[in-house]
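**Q** Task: produce atomic coordinates for the following.
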Amino acid sequence: MFRDEFEQLKQDRNTLRYEVLKSKVEDTIPMPVNLPRVITNILSENKINSMTSVSDLDPRHYFAEMKNLLESVCVIPQARLGTHAKDSIINEAH
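**A** Numbers count the residues shown, from 1 in each chain. Prediction:
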């Protein structure tokens, strides 16, 4: 299960890099969200000590919920969105 999820993440990353963003250099794509800051804020707001806290989150639950979410998403082909749609969609993520 974990290996399949990891392989899917790598495939999705490469699709984003090389097909959507058309990037040639792997380390030039900035994250649209500052993930370390988001994680720090969540830990702080919920008074979670990352060194001593234990989570009861089952990774299988996460994988199942992500699969359900992805099955419910409707993807609109870029051709129907117009010429600047890709730029607009990426900018909206900021």
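**Q** tell me which residues of whichever strand or helix holds residue 9 are tucked away?
**A** Residue 9 is part of helix 2-15, with elements assigned from DSSP states H and E. Across helix 2-15, burial judged by 16 or more other C-beta atoms under 10 Å covers no residue at all. All C-beta spots, glycine's among them, are computed from the backbone N, C-alpha and C.
**Q** Touching that helix from outside, list them.
**A** Here helix 2-15 makes contact (C-beta atoms under 8 Å, 6 or more residues apart in numbering) with 59, 63.
**Q** Report the distance from that helix to the chain centre.
**A** Helix 2-15 sits 11 Å away from the centroid of its parent chain (C-alpha atoms, centre = their mean, to the nearest Å).
**Q** Could you do stretch 45-60 as well?
**A** Relative to the chain's own centre, stretch 45-60 is displaced by 20 Å; criterion: C-alpha atoms, centre = their mean.
**Q** Going forward, the N-terminal residue is numbered 159.
**A** That works, and once the first residue is 159, the last one we named lands at stretch 203-218.
**Q** Show the end-to-end separation of it, please.
**A** 26 Å (C-alpha to C-alpha, to the nearest Å).
**Q** circling back to that earlier point, in terms of secondary structure, what does the very next helix or strand once past the helix holding residue 167 contact?
**A** Later in the chain than helix 160-173, the nearest helix or strand by DSSP H and E is helix 193-203. The contact analysis (3 or more C-beta pairs under 8 Å, 6 or more residues apart in numbering; DSSP states H and E) places helix 193-203 against no helix or strand.
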